[in-house]
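K.L.:
I would like to see how this sequence folds:
(chains A and B)
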Amino acid sequence: MRSEKPKGRDGGLVQIERTIELEIDGRAVRVPEGSTILDACRKLGVDTPTLCYADNLTPVNACRVCVVELEGSRTLVASCSRKAEAKMVVRTESERVKSARKMVLELLGSSVDMSATANFENWCSRYSASPERLGTPPNAPAVIDNDLFVRDYAKCMLCYKCVEACGDDAQHTFAIAMTGRGGEAKIATEFDVSLPDSACVFCGNCVGVCPTAALQFKREHDLREAGEWDESKQSVTKTVCPYCGVGCVLELHVQDDEIVRVTSPSDSSVTDGHLCVKGRFGWGYVR
Amino acid sequence: MIVLWGSNARDTHPIFFHHVLRALKRGAKLYVVDPRVTSTARFAHRHLPVRVGGDIALANAIARTILAEGLENRAFIQRATEGFEAFEAVVREYGPEDKGAISGVDPALVRELARDFATADRAMICWTLGITEHHHAVENVWSLINLALLCGQVGRYGAGLNPLRGQNNVQGGGDMGALPHKLPGFQDVEDATARAKYERSWGATIPPNKGWTLTEMFRAMERKDLTALWVIGENPAQSEADAHHVRSLLTGLDHLVVQDLFVTKTAELATVVLPACAGFAESEGTVTNSERRVQRVRRALAPPGQARDDLWIVAEMSKRLGRDFGAPSARELWDEMREHSPLHRGMSYDRIEALGGIQWPCPDEASLGSSFLHGRLWEEPVQGPKAPFHAVEHRDPAEALSEEFPLRLTTGRRLSEFNTGVQSKGLASPLVKDEAIEVSPEDLAALALREGERVRVRSRRGAVIAPVRVDRGLPKGLVFLTLHQPESVDTNLLTIEATDPRAGTAEFKAAAVRIERCE
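P.N.:
A predicted model of the protein is given here:
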């Protein structure tokens, strides 16, 4: 016979939250223990560029565009993954930081088609980055092997987000991974087979986290090809998935009275920003 | 510890399963109870391949093991429950090697689950249709409740009993009184005080007696007591068991109104079809998910053609029937409902939005809702009624296997498809394959069939033709079909209408069939 008072009786939800104070660009900021420098920057409203970071994935430190200067550290640190510590002194707009971000943007923009990446142009002008001085990215046709989403690897910056979302950060399907070395490195299915022949279950969680539109809804791809994709004409409406009883929050992106993309907010306690094939792609019947 | 019982959540509730996966990463243990080695079972620490219909025998064997090893929570049982003695007397017979063996599960696995469940700090049992689509559905659920009561695995955060809802508002429909015996907020329709509250508000008289369940409605159609039917967003001509019989009853009605987005098979039989809006994208309102979380749906698209909001249709219908409600907005109706339902009273649209949905009960605007129920069972002394054990015995599926029908047919769902396919038909998922009768490798060999060969599957009620596919996750003697593609494989021609008298659920999970070669 066991004792009658098990743990978790009061909800198991109450946690005492300790906070720490650090300094960013000369300003003091207090954040919960366990926060990153990026969290602290955001709390202060310090606009920090990120590409490989997402709120619902474990940081992989691939892109380096969020680097900041940390007093006492030999190298710049990635703000998205470095945990904030008490008494840290951080600079986000020092010459060193600006020059590093500029170089990152130029290297990326000269090797990858960043034209569909949100904010990329703004960041380039903010950091006086001119990717074209290092060359222009190579072209490659998009891979279209199914009717749900398209892989346009000319736009792939190898940020790993799709691999993480397909893997143990969310979906646990492990259909894609990095393959090849050096300049040959790319994201691929096992033996580079087509998606329908791979382990892919078409949840589209890779599409949901892709920062460069290397992964696109088929409809989005068609509209972009036709020159009709226009985010300024799109509305985003929050609603709930019409299928099973989990109640996933959907954001319907609508252009000209047609759903063109479906996402889920990463702060939803139900989805953490992830969906299944029906939620992400199963809305065809409303038109 | 998580027990998924009769649930293939990896495919049917994929985002719920993400939460399970996160728990597994943090060290939780997963047991899956399912006759098939499903994609869910492949993630489990232990898979218990229960025989179709053997759930009560298994639950009782687990209970018997817990009692035999003294792992029950005696203090909880004494303080918070009743009916323990009768329950104990029944499960005593279910030793894993004795009557418990009816479950078909290896006694060592039974004991392992029993020990882990009883000794876990927090253990949760989640189930789906594998438990409820049986002619003894309610008894199946009771047998699981018994386990939670036996170990005090209920009424605490992270413990409990969790039926995973199959449709986005099946919980909300019940909460709002779309049940034969309930008013909104689960108030009894036969309770005059509850009724009076609504009658004052609605300015109408509510019939004082409970109505019919879906299955009772079909019986009433047989008796000609029910001659007119208004079907809203349901496709019974294809979704109900024993489809031939159901269709003849629907055809025999004097008047059939179908309100739907599509001209479904049911709508084809209708006298009048009322084109409706898509709830999640073309209208305003709320839905309630499996964790009792009320969330908003919103209009993102203009509805096509003559399609009208369900709310508009109901209000117009009411006007024509002599009671003019005007044209209330979804929000106004919600606020009226909140006034009368204490479970929902604190859920204003603004708070639902601000809190990312709210789980009932939420009695006032200071409440943040409740992440779990039945916490009162841990109060000293317990407030309100004690939680009852139900002594339940194993019962065989309604239709026994015979020489003529030697195979057990069970039905289920696939990841990319949904119910009778009305919504998911337009989804061009590469995962969708033509519906096929899935058989074990042993049965394929025993029947001397080739994969892909078209066969006739026959039950006492009808027959369908389908290609054969091998599923290595099926045990010998069990075959599997879904209801997703009724145009090509009308599975419900085979299923049996044996229903649970309390829940009205038919035994979709267990029919007896045979497979014939098509020459």
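K.L.:
CA atoms for contacts and neighbours, from now on please.
P.N.:
Fine.
K.L.:
quick one, helices of the stretch 251-400 of chain B?
P.N.:
If DSSP state H, counting those that start in this stretch is used as the criterion, the helices of the stretch 251-400 of chain B fall at B:265-268, B:279-282, B:310-320, B:330-340, B:349-354.
K.L.:
State the mean pLDDT of the helix or strand where A:Gln216 lies.
P.N.:
Element membership for A:Gln216 (DSSP states H and E) is strand A:215-217. The average pLDDT within strand A:215-217 is 96.
K.L.:
hmm, who's touching that strand?
P.N.:
A:Leu148, A:Phe149, A:Val150, A:Arg151, A:Asp152, A:Cys206, A:Val207, A:Val260, A:Arg261 (C-alpha atoms under 8 Å, 6 or more residues apart in numbering or on different chains).
K.L.:
Residues contacting the very next helix or strand once past that strand, please?
P.N.:
Next helix or strand after strand A:215-217 toward the C-terminus (DSSP H and E): helix A:218-225. With contact meaning C-alpha under 8 Å, 6+ apart, helix A:218-225 is reached by A:Asp147, A:Leu148, A:Phe149, A:Val150, A:Trp229, A:Val260, A:Arg261.
K.L.:
List the buried residues in helix A:218-225.
P.N.:
Across helix A:218-225, burial judged by 16 or more other C-alpha atoms under 10 Å in any protein chain shown covers A:Lys218, A:Arg219, A:Glu220, A:His221.
K.L.:
got those as a markdown table, with distance to A:Leu158 columns?
P.N.:
Putting the buried residues of helix A:218-225 into a markdown table (distance: C-alpha to C-alpha, whole Å) gives the following:
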| residue | distance to A:Leu158 |
| --- | --- |
| A:Lys218 | 21 |
| A:Arg219 | 23 |
| A:Glu220 | 21 |
| A:His221 | 20 |
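K.L.:
which of those residues lies closest to chain B?
P.N.:
Within the buried residues of helix A:218-225, the smallest distance to chain B is 11.0 Å, found for A:Lys218 (C-alpha to the nearest C-alpha).
K.L.:
To chain A, which of the helices of the stretch 251-400 of chain B lies closest?
P.N.:
Here helix B:279-282 is closest among the helices of the stretch 251-400 of chain B (C-alpha to the nearest C-alpha), at 5.9 Å.
K.L.:
So for that closest one, mean pLDDT?
P.N.:
Mean predicted confidence for helix B:279-282 is 93.
K.L.:
ok, and for it, which residues are buried?
P.N.:
B:Gly279, B:Phe280, B:Ala281, B:Glu282.
K.L.:
Contacts for it, please.
P.N.:
Counting by C-alpha under 8 Å, 6+ apart, A:239-242, A:286, B:297-303, B:309 sit against helix B:279-282.
K.L.:
Name the residues that touch the lowest-mean-pLDDT helix or strand in chain B?
P.N.:
Between all helices and strands in chain B, the lowest mean by mean pLDDT, DSSP states H and E belongs to helix B:236-239, at a mean of 89. Helix B:236-239 has contacts (C-alpha under 8 Å, 6+ apart) with B:Ala243, B:Val246, B:Arg247, B:Leu250, B:Lys265, B:Thr266, B:Asn419, B:Thr420, B:Leu483, B:Pro486, B:Asp490, B:Asn492.
K.L.:
The same query, at a cut-off of 6 Å, please.
P.N.:
Outside helix B:236-239, the residues that touch it by C-alpha atoms under 6 Å, 6 or more residues apart in numbering or on different chains are B:Arg247, B:Thr266.
K.L.:
Need the CA coordinates for it. CSV is fine.
P.N.:
Provided in CSV are the C-alpha atoms of helix B:236-239 (Å, rounded to 0.1, in the frame of the first residue of the first chain):
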residue,chain,number,x,y,z
PRO,B,236,-25.6,9.4,-41.2
ALA,B,237,-26.2,7.8,-44.6
GLN,B,238,-22.5,6.9,-44.6
SER,B,239,-21.3,7.3,-41.1
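K.L.:
what comes up buried for that helix?
P.N.:
The neighbour-count check on helix B:236-239 (16+ other C-alpha under 10 Å) flags B:Pro236, B:Ala237, B:Gln238, B:Ser239 as buried.
K.L.:
roughly how far out does it sit from the chain middle?
P.N.:
The chain centroid and the centroid of helix B:236-239 are separated by 16 Å under C-alpha atoms, centre = their mean, to the nearest Å.
K.L.:
What strand or helix carries B:Arg219?
P.N.:
helix B:214-222.
K.L.:
after that helix comes which helix or strand?
P.N.:
strand B:228-232.
K.L.:
Just give the nearest non-adjacent residue to the residue positioned nearest the centre of chain B, would you?
P.N.:
Taking C-alpha atoms, centre = their mean, the centroid of chain B lies closest to B:Leu129, which sits 5.0 Å from it. Nearest non-adjacent residue to B:Leu129, counting by C-alpha to C-alpha, 6 or more residues apart in numbering or on different chains: B:Gly6, 6.4 Å away.
K.L.:
Now do the same for the residue lying closest to A:Leu44 once chain neighbours are set aside: helix, strand or coil?
P.N.:
Sequence neighbours aside, A:Val29 is the residue nearest to A:Leu44 in space, at 7.0 Å (criterion: C-alpha to C-alpha, 6+ apart). Under DSSP: H, G, I helix; E, B strand; the rest coil, A:Val29 falls in the strand class.
K.L.:
Quickly list what A:Val29 is bridged to.
P.N.:
A:Leu22 (DSSP bridges).
K.L.:
how close does it get to A:Met88?
P.N.:
Computed as C-alpha to C-alpha, to the nearest Å, the A:Val29 to A:Met88 distance reads 10 Å.
K.L.:
any shared contact partners between the two?
P.N.:
A:Leu22.
K.L.:
Going along the chain, name the strands of the stretch 101-250 of chain B.
P.N.:
Assigned by DSSP state E, counting those that start in this stretch, the stretch 101-250 of chain B shows strands spanning B:124-127, B:160-163, B:182-183, B:187-188, B:228-232.
K.L.:
Outside of stretch A:52-66 itself, which residues are in contact with it?
P.N.:
Contacts of stretch A:52-66 (C-alpha under 6 Å, 6+ apart): A:Pro49, A:Thr50, A:Ala78, A:Ser79, A:Ser81, A:Arg101, A:Cys159, A:Asp169, A:Ser266.
K.L.:
Oops, could you answer that again for stretch B:260-270 instead?
P.N.:
Contacts of stretch B:260-270 (C-alpha under 6 Å, 6+ apart): B:Gly233, B:Asn235, B:Ala237, B:Leu256, B:Val257, B:Val258, B:Pro275, B:Ala276.
K.L.:
Distance from that stretch to the middle of the chain?
P.N.:
Worked out by C-alpha atoms, centre = their mean, stretch B:260-270 lies 23 Å from the chain centre.
K.L.:
Mind exporting the C-alpha coordinates of that stretch to CSV?
P.N.:
The C-alpha coordinates for stretch B:260-270 follow below in CSV (Å, rounded to 0.1, in the frame of the first residue of the first chain):
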residue,chain,number,x,y,z
ASP,B,260,-24.5,21.0,-44.8
LEU,B,261,-21.6,22.5,-46.8
PHE,B,262,-21.9,19.7,-49.3
VAL,B,263,-24.5,17.6,-51.1
THR,B,264,-23.6,14.5,-49.0
LYS,B,265,-25.1,11.1,-49.5
THR,B,266,-27.6,12.1,-46.8
ALA,B,267,-28.3,15.4,-48.6
GLU,B,268,-29.1,13.4,-51.8
LEU,B,269,-32.0,11.8,-49.9
ALA,B,270,-33.2,15.1,-48.5
